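Visitor: Got a predicted model here, sequence first, then my questions.
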Amino acid sequence: MDEAQDLVESVRAVHVRIRDAVIDAMVNSTSEEMRLGDGSGGGDTIYGIDRAGEAVLLEMLGMHLEKWLPVVVVAEGLPDIGVGPGTAVLPPGASPSDARFWVIVDPIDGTRGLMYGKRSAWILTGISPIFAGRTPSLRDIEVAVQTEIPHPKQTLADTLWAVRGEGATAIRTDLRTGISSPLPLTPSAADSIGHGFGQVARVFPGGRDVLAAIDDEVCLAVVGPGGPGKGVTFEDQYISTGGQLAELAFGHDRWTADLRPLLTPVLAKRGLPPPQCCHPYDICTALIAEEAGVLVVGPKGPLDHPLTLDDNVTWFGYANESIRALVEPALLAAITAYLGPP
């Protein structure tokens with residue numbers, strides 16, 4: 001087994017332990033305990049359910065990545081040890097300059113849907129080599145793994161992974177038996193967005209009127225209004241970037257756009273704070289969707305954000321080149337009309 005595939009297997013083992021810890025916490029804790037929020041740290045608000053994953057994260061990484069230590073780890077909820085917010089080095093006390101890999105993790109992406117029993121969340125991990133003199137970026141990630149955390153009433157869970165240049169793989173595991181079976185990753189081959197799912201993400205208050213207007217402009221420009229009483233496109237507001245990427249990779253969605261960072265000037269004029277945005281740890285598994293054939297880009301081309309806790313990421317995802325050719329011109333025109341040039 002080569003090093004990259006060995007890393008995949010080790011990260012998958014970490015994810016299983018995190019998944020099991022979170023499911024156990026949901027079974028053995030009250031809903032109120034799981035939903036208790038703390039917004040005092042960097043990154044997203046931390047809820048009680050997040051603590052269940054964070055509690056075992058560093059221990060499991062240290063255990064299963066032992067042969068590759070030291071490594072730099074970036075994740076929400078980590079104490080600032082002087083390397084940067086949400087950044088740690090394993091083993092403790094090691095120097096970042098000696099690290100072999102940069103590991104960025106979101107222990108639970110999709111917390112809100114999971115803690116209310118609405119929808120699965122995902123554990124996300126991206127691994128990049130270390131580069132002298134600079135922080136690795138999303139484009140540098142060579143290995144990515146994402147693992148579904150289902151609500152306890154659900155007995156099946158998916159795991160997706162990719163090594164750059166080697167394609168993407170997925171399995172579905174029966175949590176009752178531990179038996180896994182292959183799962184195809186087949187992005188939509190449709191050449192239209194009609195009668196398919198696609199959306200501008202707008203899951204939090206503040207500027208949703210603008211985002212909805214952009215979404216409407218795109219759909220009207222690409223497929224028109226449809227007939228009376230007819231819905232010609234649909235949307236799915238999944239509060240999980242990893243989940244959105246999985247929906248594209250599985251062929252469930254045809255396009256997605258997360259424009260939240262572009263809202264900041266509009267919100268400032270309204271006297272509102274900047275929005276909660278997608279961060280690099282939320283989209284650190286974009287490599288999986290890309291290796292499956294999905295196009296994941298920013299307004300100006302490939303995503304190149306540093307693997308830090310708080311950089312804001314605007315991204316577009318398209319199931320295939322035909323969908324991109326249809327949607328992107330209308331999307332960029334609508335963004336420019338409502339928010340200015342991206």
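Guide: Nice, thanks for sending it over. Numbers count the residues shown, from 1 in each chain.
Visitor: in what helix or strand does the residue sitting furthest away from the middle of the chain lie?
Guide: Of all residues in the chain, residue 228 has its C-alpha farthest from the mean position, at 36.7 Å, by Cα atoms, centre = their mean. Using DSSP states H and E, residue 228 maps to neither a helix nor a strand.
Visitor: ok, it to residue 136 distance?
Guide: Plainly put, residue 228 is 53 Å away from residue 136 if you go by Cβ to Cβ, to the nearest Å. Where you see a C-beta, it was placed from the backbone N, CA and C, and this is true even at glycine.
Visitor: confidence score at the residue farthest from the centre of the chain?
Guide: We note a pLDDT of 83 for residue 228 in this prediction.
Visitor: phi, psi of residue 146?
Guide: Main-chain dihedrals, residue 146, degrees, to the nearest 10: phi -130, psi 140.
Visitor: residues touching it, list them.
Guide: 122-125, 159-161, 242, 245-246, 285, 288 (Cβ atoms under 8 Å, 6 or more residues apart in numbering).
Visitor: Leaving out chain neighbours, which residue sits closest to it?
Guide: residue 285 (4.4 Å; Cβ to Cβ, 6 or more residues apart in numbering).
Visitor: and the one you found, how many neighbours?
Guide: Counted with other Cβ atoms under 10 Å, residues neighbouring residue 285 total 32.
Visitor: ok, now residue 167?
Guide: What residue 167 shows, counting by other Cβ under 10 Å, is a neighbour count of 12.
Visitor: how close does the closest residue to it other than its chain neighbours get to residue 187?
Guide: Computed as Cβ to Cβ, 6+ apart, the closest residue to residue 167 that is not its neighbour in sequence is residue 291, at 5.2 Å. Distance of residue 291 to residue 187, computed by Cβ to Cβ: 11 Å.
Visitor: Let me know whether residue 236 touches residue 254 as I believe.
Guide: No. With contacts counted by Cβ atoms under 8 Å, residue 236 stays clear of residue 254, the gap being 10.8 Å.
Visitor: higher neighbour count, the two?
Guide: Each of residue 236 and residue 254 has its neighbours counted (other Cβ under 10 Å); residue 254 has more, 29 against 15.
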